[in-house]
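> Here is the input, now give the coordinates:
(one chain, ligands or ions: 1)
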Amino acid sequence: MRPRRLLWQLYPSYLLITLISLLAVMWYVSWSIREFYRANTAVDLEARAGFVREQLALPLGEQSPESIGRLCKRLGQAFSTRVTIVLPDGRVLGDSDHDPLAMKNHIDRPEIQEALAGRVGASTRYSYTLKKYMMYVAVPVTIQNKIVGATRVSIPMTAFEQSLRAIYVQIAVAALIVALVAAAVSLVVSRRISRPLEEMKRGVERFAKGDFSIKLPVLDSQEIGALAEEMNTMAEHLRRLETIRRDFVANVSHELRTPVTAIKGFVETLREGALKDPEAASRFLDIIARQVDRLNAIIGDLLTLSRLEEGADAAVVRFEENRIRDVLEAAVQVCDMKASAKGIAVKLDCEPDLLCKSNAPLLEQAVVNLIDNAIKHSEEGSSVRVVVASAEKEIRITVEDHGCGIEQEHLPRLFERFYRVDKARSRKLGGTGLGLSIVKHIAQVHGGSVSVASTPGKGSTFAISIPKG
Ligand code: ADP
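Here you go, the predicted structure:
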């Protein structure tokens, strides 16, 4: 089934709920009014019956049937009700609408039975005499506490129903108006809920097309507002990733182009005759070889980075409990030649039995990169210290030099790919601009982080923190 629009899900539900409530209220109000009206009518009839009783000259038995009949007719007309007078044995003594002699014994009528028992009797039922539904109320007639008969008044239900019908029509009209207003309000409310979501949908569609220039409106509803904020954050994140990716491609192309252009230039010079000058030719070939090494270094670093990223994603890097001292000793060993060439002493300060879950080759490469940088940026005869501090949950490897140091402004971007403080100097020292980026990735693959502190002219301290377990 094709999903429906949110508006068409909300609106009918709202409408249904309002209509059901409205019908329920309508039904209840009609019922209450009917009951109220019926009770009122009964009280009214009772008062009329009481009045009829007052008009009777007592004792009943001694009056002529004609005079009783006349009284009934007169009172019946005056009250627009039917008036009946019944003796204790059930015989009808007089009736405003009928000949009492033609009427059956009324002893079985419930309201008469009640009245003859000394109470007010009421009943609503079909009258076979008048052939319609009637409402009856009867009261006892007493002389000196003795019941001598009953007076009964009655009205046809049609009159009662007619007055009610007018009220029902009014209720129905009011309900219709309320229903229309409710329908309009429901539509507005449904729109208010669905519109921000539709706007967000449109915004996210633009995000999906790579257009991050807009921001989703953050609306007053808490959940939808939070959703919009989250999506804006996500878009911001995507935009950043997109910029990083673009910069990276531009940087890589630029980095590769420099050596390639140099190689091309020297090859052309050789072709154009420099080959004939063996001394120049050999110098040019040396330069070409250096540029090829450089290309090789960049490509190697890029591959390492891409493998690290893949490894972090797929969690394919294997970790083992390693003795940290062994890993660091190997790293110092690798840098030994470069260090001795500059007369720099690399000192290692690490507990021998310290263990840490890590990938030894990767960790070694990270530390090699740091020591290599430290040596590159230190004066001859200086010193570099590698220190390991162990805390409860993590270990911290610091590489400390007394070299040129780094200006504060560069520190936040230092671990970015291809970021260099001094481009020319870095190239001259054979750097690719990727070394620290690799260090950072290796720390991250281990679930750790990197940091740097530096004072220009005094030296720098780079640190890798990784969790122990
Ligand atoms: P590179 O291949 O250029 O060394 P890195 O990513 O290893 O690239 O380092 C980035 C930049 O950080 C370097 O170009 C250098 O300017 C600066 N840098 C790194 N380590 C040090 C250090 N120990 N002392 C001073 N500057 C450093």
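
> correct me, but V367 touches V387?
No. Applying Cβ atoms under 8 Å as the test, V367 and V387 come out as separate, 11.5 Å apart. Yep, even glycine has a C-beta here, placed from its N, CA and C like the rest.

> Pull up the overlap in contacts between the two.
I397 (Cβ atoms under 8 Å, 6 or more residues apart in numbering).

> Quick one: name the residues of this protein near the ligand.
By the rule Cβ under 6 Å from any ligand atom, the part of the chain lying against the ligand is 373-374, 377, 401, 403-404, 406, 414, 419-422, 426, 431-437, 460.

> Tell me what I397 is bridged to.
On the basis of DSSP bridges, I397 is bridged to V388, I464.

> ok, back up a step: between V367 and V387, point out the one with more neighbours.
Using other Cβ atoms under 10 Å, the more surrounded residue of V367 and V387 is V367, with 26 against 16.

> Once you drop chain neighbours, what's closest to the more buried one?
A331 (3.9 Å; Cβ to Cβ, 6 or more residues apart in numbering).

> Now, of the residues of the chain next to the ligand, which are buried?
Among those, the ones that count as buried by 16 or more other Cβ atoms under 10 Å are 373-374, 377, 401, 403-404, 406, 414, 419-421, 426, 431-437, 460.

> I167 versus the residue nearest to H377 when sequence neighbours are not counted, what's the distance?
Excluding its sequence neighbours, the residue lying closest to H377 (Cβ to Cβ, 6+ apart) is G403, at 3.9 Å. According to Cβ to Cβ, to the nearest Å, G403 stands 99 Å off from I167.

> Any idea which residue of the stretch 151-300 of the chain lies closest to the ligand?
As assessed by Cβ to the nearest ligand atom, the ligand sits closest to A297 within the stretch 151-300 of the chain, at 8.6 Å.

> tell me which element that residue falls in.
helix 278-314 (DSSP states H and E).

> Do a quick rundown of the helices in the stretch 201-350 of the chain.
222-271, 278-314, 324-341 (DSSP state H, counting those that start in this stretch).

> among the ones you listed, which is the most enclosed?
Comparing the helices of the stretch 201-350 of the chain by mean neighbour count (mean count of other Cβ atoms under 10 Å), helix 324-341 comes out on top with a mean of 16.

> tell me what it is packed against?
On a contact count with 3 or more Cβ pairs under 8 Å, 6 or more residues apart in numbering; DSSP states H and E, helix 324-341 meets strand 345-349, strand 355-358, helix 360-376, strand 383-390, strand 394-401.

> for those, which one sits closest to E309?
Closest to E309 of those, according to Cβ to Cβ: helix 360-376, at 12.8 Å.

> List the buried residues of the closest one.
By neighbour count on 16+ other Cβ under 10 Å, the buried set for helix 360-376 is 360, 362-376.

> Now do that helix: which elements does it pack against?
Helix 360-376 packs on strand 320-323, helix 324-341, strand 383-390, strand 394-401, helix 435-445, strand 459-467, going by 3+ Cβ pairs under 8 Å, 6+ apart.

> Identify the residues contacting the second one?
With contacts defined as Cβ under 8 Å, 6+ apart, helix 324-341 is touched by 345-346, 348, 350-356, 358, 360, 363-364, 367-368, 371-372, 375, 384, 386, 388, 395, 397.

> What of the last one?
Outside strand 459-467, the residues that touch it by Cβ under 8 Å, 6+ apart are 356-358, 363, 366-367, 370, 373-374, 377-378, 393-403, 405-406, 436, 439, 442-443, 446-454.

> which of the residues you listed are buried?
356, 358, 363, 366-367, 370, 373-374, 377-378, 394-395, 397-403, 405-406, 436, 439, 442-443, 446, 448, 450, 452, 454.

> And what about the residue nearest to H377, helix, strand or coil?
coil (DSSP: H, G, I helix; E, B strand; the rest coil).

> show me the contacts for it.
374, 377-379, 382, 459-460.

> I'd like these as a markdown table, with distance to D247 appended.
Listed next are these as a markdown table, based on distance: Cβ to Cβ, whole Å:
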| residue | distance to D247 |
| --- | --- |
| A374 | 27 |
| H377 | 25 |
| S378 | 30 |
| E379 | 33 |
| S382 | 34 |
| G459 | 30 |
| S460 | 25 |
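
> Show the end-to-end separation of stretch 201-215, please.
End-to-end distance of stretch 201-215 (Cα to Cα, to the nearest Å): 12 Å.

> returning to that earlier point: local confidence estimate at the residue of the stretch 151-300 of the chain closest to the ligand?
According to the prediction, A297 has pLDDT 88.

> Likewise for V334?
pLDDT, V334: 94.

> Please report how far it lies from the ligand.
V334 is 15 Å from the ligand, where distance means Cβ to the nearest ligand atom, to the nearest Å.

> How about M103?
M103 is 120 Å from the ligand, by Cβ to the nearest ligand atom.

> and the residue lying closest to that residue once chain neighbours are set aside, what does it touch?
In space, and not counting its chain neighbours, M103 is closest to V92: 4.5 Å by Cβ to Cβ, 6+ apart. Residues near V92 by Cβ under 8 Å, 6+ apart: 84-86, 100, 103, 105-106.

> same thing with V153?
45, 48-49, 52, 79, 81-84, 136-138.

> so which one among the residues you listed has the lowest pLDDT?
Lowest confidence among the contacts of V153: F79, with 85.

> so what's the closest residue to that one other than its chain neighbours up against?
Using Cβ to Cβ, 6+ apart and skipping residues adjacent in sequence, the residue nearest F79 is R48, 5.1 Å away. Residues near R48 by Cβ under 8 Å, 6+ apart: 79, 81, 137, 153.

> Tell me the first helix or strand C-terminal of the helix or strand hosting R48.
Here R48 sits within helix 6-55, counting by DSSP H and E. Of the helices and strands lying after helix 6-55 in sequence (DSSP H and E), the nearest is helix 65-79.

> Which SSE is immediately downstream of that following helix?
Following helix 65-79 in sequence order, the next helix or strand is strand 82-86 (DSSP H and E).

> The next helix or strand after that following strand: how far from the chain's middle?
Following strand 82-86 in sequence order, the next helix or strand is strand 92-95 (DSSP H and E). Centroid separation for strand 92-95 versus its chain: 79 Å, with Cα atoms, centre = their mean, to the nearest Å.

> Put the alpha carbons of strand 92-95 into CSV.
Extracted as CSV, the C-alpha positions of strand 92-95 are listed here (Å, rounded to 0.1, in the frame of the first residue of the first chain):
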residue,chain,number,x,y,z
VAL,A,92,-65.2,5.0,35.9
LEU,A,93,-67.4,7.7,37.3
GLY,A,94,-66.7,10.4,34.8
ASP,A,95,-64.4,11.2,31.8
